[in-house]
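J.: Sharing a sequence plus its predicted fold:
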Amino acid sequence: MFGYLNGKITYKSPTYIYVECGGVGYHVNISLNTFTKLEDKNEVKIFTVLQVREDDMSLYGFYEEDERFLFTNLISVSGVGANTARVILSYMTNDELRRAIVHNDAASLSKVKGIGAKTAQKIIIDLKEKIVKSTHMDAVTVGMSQSNNVKDDALSALVALGFPKMSVEKTINMIIQKNPEVSQVEDLIKLVLKQMN
């Protein structure tokens, strides 16, 4: 019904804003990601989704069309309501959510409040194909995502071994720059350990 609202922000909080359009103030529910992008703005074009239930009508707003796309896909999954979808989009960036779905990373999704292991798996099963198609993820993009996962796993392992996070992260970034072909966590860890000794 509403594609977007274009108007003045008359009230702003981390969970909702009021947008005035033509003398009418619309209550628009937002994610933390959208709130961050609106912090210094007084005027906005916000993409919207209207949720209609028996006893309620709620408007959800997104700073980017991409976030709206992810929201509408999340609420299409059985067991994921509008508020749960908004919590997911507050906890994860668009890219992090895409990566988790494409790489079957149920553990990352399960960290979101209200998402159990079963729901996380359901999100992945229902949305993986749509997300891959929508992002036109070619081999290069998927490769980049995989290298991010390798990097994250290596960092977690080394921090667990007692190495300081900041210096480990710096060393990992340096090694990946010099050796972009590294695709295994254990290989990356070995290279970091050599460098830090």
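T.: Noted; the coordinates are in hand.
J.: Next secondary structure after the worst-scoring helix or strand of the chain on mean pLDDT?
T.: The weakest-scoring helix or strand in the chain, judged by mean pLDDT, DSSP states H and E, is helix 139-160 (a mean of 66). Once the chain leaves helix 139-160, the next helix or strand it forms, by DSSP states H and E, is helix 165-178.
J.: Which strands border the longest strand seen in the chain, and is each parallel or antiparallel?
T.: Across the chain, the longest stretch assigned as strand under DSSP state E is strand 43-53. Here strand 43-53 is paired, per DSSP bridges, with strand 4-12 (antiparallel), strand 56-62 (antiparallel).
J.: now, of those, which is deepest in the fold?
T.: Across the strands paired with strand 43-53, the average number of neighbours (mean count of other Cβ atoms under 10 Å) peaks for strand 56-62, which reaches a mean of 18. Glycine gets a C-beta too; all of them are placed from N, C-alpha and C.
J.: How far off centre is it?
T.: Put simply, strand 56-62 sits 19 Å off its chain's centre (Cα atoms, centre = their mean, to the nearest Å).
J.: Equivalent analysis for stretch 160-172, please.
T.: Relative to the mean C-alpha coordinate of its chain, stretch 160-172 is positioned 24 Å out (Cα atoms, centre = their mean).
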